[in-house]
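> Give me the fold of what follows.
(chains A and B)
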Amino acid sequence: MKADARESRRFIMPEMGALTLGLLAALALAYLAAPLVNLLFVEPWRDVPATLGDPLAIGALETSLESATISTVIIALGAIPLAYVLARWRFPLRWLVTLLVYIPLVFPAVVSGIIQLLLYGPYGPIGSFFAAQGNELDTTFTGVVLAQTFVAAPFAIVAARAAFEAVPTATEAVATTLGASRWRIFWTISLPQASGGVIAGLILTWLRALGEFGATAVLAYHPYTLPVYIYVQLTGEGTPAALPLALFSLAASVVAIGLAQLATTHSHIPGASVPDTTGRRP
Amino acid sequence: MKLNETPAAKRMSENEIQNAASMQGTRPDAEGLRVAFGLHRGSFHLRAAFAAPSGITALLGPSGAGKSLTLQAIAGLARISHGVISLNGVALVDTTQGAMVPARERRIGYVPQSYALFPHLTVAQNIAYGLPPGQGGYHYHLQGWLNPGMRERRVQRIAELLEFVRLPGFEGRRPAQLSGGEAQRVALARALAAQPAALLMDEPLSALDAPTREAIRDDLRAIITASGIPTLLVTHDLSEARALADRLVALCAGRVVAQGPLGATLASPPTTTAARLFGWENILPIRSTEPGGAYTTRVILADGQALILPQAQASAANERLALALRAERLELRASADAEKVFSVQKGLELYGRVRRATDAGAYYRVRVALGTRGTQESATEEKGACVTALCSPREWLALGIASGAPVSIMIPHDAARLVIVDDR
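So this is what the prediction gives:
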């Protein structure tokens, strides 16, 4: 027995394949972490308190937090049902709907801004209607929300759809036989089981909205959001002015990513109740 | 999942549907489930016509026979192409009338193979999900607040149901904390909570390991019987059907091949597929049959041996027949001892040589190559028909014979049957 224990404690040379994988993973991590680590060294820490007193910076931060939150609520209302429909219903042109959902993901954000400007701008079919009543959609807070919603929605839809697809259909089928309506099943069976993925998706959506720059800059340069203001400071006064602001967005991102991880790990793992089957199917 | 039929035969005839419909009409009090429907899934065509009255009916069939699909159609989870499904004389679906009761209004309890407990709810909440509104089901939180008596009624009903499935005190557990057998009984309690008029169970024991399966089988039967709810359970396992059911419906490749009371049905498979499904291990090709009187048939096997079966030849002329034998009922005798006169009186008899005997623990599996005594002694050794007989170890050792020895196979009357060949 003692000999065995000594045996297992002995250092075992990892095989080449594992070494290669570990090395590549370490390189990727270093690449991702390097700019952040560097930031901590070059950050003009002395300027941070002054930046916190800059009303323009605080205003930009407020605009960003508010608009990102409103965008996320709007997305939640529409994206969760859309994700559920895509995951569960079979209908013609489903592939086309899926394609449409992915478009904001693959467009450059600037292009997303341009095509929205064509619609919501003062000469666009919708924008001109509102402009005629004195409510411009572009270069307003509404414009910020519109831009962020468009760009961030796919994150929620993709995540929620995957979460709904992982819910065992048998639980929904049983609920039906127990007399539950589709509405009740959605709220009491499907959504609770998918909640982890849905919440994680919404947190990522909020982050994406918070960080949105391209579409916002095109559709609603004013009021400044945090990314737009950072860009303004960068082009006007240079990096020393932009860097303290970068800390704001970094802090918000870290908190949100932590919450997202918490949501996914504490979710109900679909199928956890299903005992190990023999794999036979009638 | 392939069927070898002409497209015309795939559709159920209008007559069959009419018959099923009129069967309802003439017997409005018909208890339990009656189905006669057709259903298409890609290239798979299911045509189910059977009855599941009170008691437990087993829907037995191999993988891919369409058993689960049949359950889903009855529960309203799969749409049928044409036909009738009725419960206690009331049509749930009738395509001739255009009638269709949605799944949530059918009052049919459904326990899927995976049990599908709601993982985010406790055992009590799982069971409460199906409770009628009056007992604290849906809208409980609103009603319970308005009506304090509701809460008591709900708690009491959940406790009753858990008691009924022999899991008292399990209210607060999570599905992830249950063993397979416990999860199954919670799923059963949940289905019973909705006070269903019929119960469907898909492979109720297949997700359990063998010892649990043995232990839970009798419990399950007792619980279902005590509930008094007509139950249709799907299984691919003959022993499970034997242990649980009163009635049997055999489904093969989307067709019902036999149905009726368990014992009688197992004792009289009409076709080769049914015989295989019912554990009749030997299916022998036959050369010809001839009527041997009013109630008997003379059967000539491929090797020339003849038997007289106490079964009238009822099959149509164009159907090929085979002889099915129950391996566990055959008795072997050393050929030298066999007395022809005696055997004719007692039963039927075939001759052959032992090819191989395998020790399977509880029994010996003996393969006998058929061949008439004295003739073709070696010719049939490799290519002729073989019969498998299961002997108790005592029986086999008492015989004291080795491979190659001539034996006679004694066949009781009820262990041999002419069946229609419906496969290859």
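> From here on, just use CA atoms for contacts and neighbour counts.
Will do.
> now the helices for chain B?
With helices called from DSSP state H, chain B shows them at B:7-10, B:14-26, B:67-75, B:123-128, B:140-146, B:148-164, B:180-193, B:210-227, B:238-244, B:262-267, B:272-277, B:340-346, B:380-383, B:393-399.
> Tabulate those helices in CSV, adding columns for mean pLDDT and mean neighbour count.
Listed next are the helices of chain B as CSV, based on pLDDT from 0 to 100; neighbours: other C-alpha atoms under 10 Å in any protein chain shown:
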stretch, mean pLDDT, mean neighbour count
helix B:7-10, 39, 10
helix B:14-26, 46, 15
helix B:67-75, 94, 24
helix B:123-128, 94, 25
helix B:140-146, 65, 14
helix B:148-164, 88, 17
helix B:180-193, 93, 26
helix B:210-227, 87, 15
helix B:238-244, 92, 17
helix B:262-267, 93, 17
helix B:272-277, 91, 23
helix B:340-346, 46, 11
helix B:380-383, 50, 14
helix B:393-399, 88, 14
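> Tell me which of the ones you listed sits nearest to B:Glu105.
Set against B:Glu105 and scored by C-alpha to C-alpha, the helices of chain B come closest in helix B:67-75, at 9.8 Å.
> Once you drop chain neighbours, what's closest to the residue of the stretch 51-200 of chain A found nearest chain B?
Distances between the stretch 51-200 of chain A and chain B by C-alpha to the nearest C-alpha are smallest at A:Gly179, namely 4.1 Å. Of all residues not flanking A:Gly179 in the chain, B:Arg104 sits nearest, at 4.1 Å (C-alpha to C-alpha, 6 or more residues apart in numbering or on different chains).
> A:Ser181 is in contact with the one you found, correct?
Yes. Judged on C-alpha atoms under 8 Å, B:Arg104 makes contact with A:Ser181 at a distance of 7.1 Å.
> the more surrounded of those two?
B:Arg104 (20 against 14; other C-alpha atoms under 10 Å in any protein chain shown).
> give me every residue that touches that one.
By C-alpha atoms under 8 Å, 6 or more residues apart in numbering or on different chains, the contact list for B:Arg104 reads A:176-181.
> rerun that using 6 Å as the cut-off
Counting by C-alpha atoms under 6 Å, 6 or more residues apart in numbering or on different chains, B:Arg104 makes contact with A:176-177, A:179.
> What residues does chain B have near chain A?
Within chain B, the positions near chain A by C-alpha under 6 Å from any C-alpha of the partner chain are B:63-64, B:103-104, B:114, B:116, B:119, B:130, B:175-176, B:180, B:207.
> between those residues, which has the most around it?
Result: B:Gly130 is most packed of those (other C-alpha under 10 Å), 28 neighbours.
> wait, that residue sits on A:Gly179?
No. Counting by C-alpha atoms under 6 Å, B:Gly130 does not reach A:Gly179; the two are 7.1 Å apart.
> which residue is nearest the middle of the chain?
With no chain named, the answer covers chain A. A:Leu204 (2.2 Å; C-alpha atoms, centre = their mean).
> should've been chain B
B:Leu60 (2.5 Å).
> Tell me if I'm right that that residue and B:Thr235 touch.
Yes. Contact status for B:Leu60 versus B:Thr235: in contact at 5.2 Å, counting by C-alpha under 6 Å.
> Give the buried residues for stretch A:45-58.
A:51, A:57-58 (16 or more other C-alpha atoms under 10 Å in any protein chain shown).
> could I get these as JSON lines with distance to chain B, pLDDT and secondary structure?
Formatted as JSON lines, those follow (distance: C-alpha to the nearest C-alpha, whole Å; pLDDT from 0 to 100; DSSP: H, G, I helix; E, B strand; the rest coil):
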{"residue": "A:Thr51", "distance to chain B": "46", "pLDDT": "78", "secondary structure": "helix"}
{"residue": "A:Ala57", "distance to chain B": "44", "pLDDT": "87", "secondary structure": "helix"}
{"residue": "A:Ile58", "distance to chain B": "42", "pLDDT": "88", "secondary structure": "helix"}
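> Can you tell me which of these is closest to B:Ala78?
A:Ile58 (58.1 Å).
> What separation is there between the residue lying closest to that closest one once chain neighbours are set aside and A:Ala241?
Nearest residue to A:Ile58, sequence neighbours excluded (C-alpha to C-alpha, 6+ apart): A:Leu52, at 6.8 Å. Distance of A:Leu52 to A:Ala241, computed by C-alpha to C-alpha, to the nearest Å: 12 Å.
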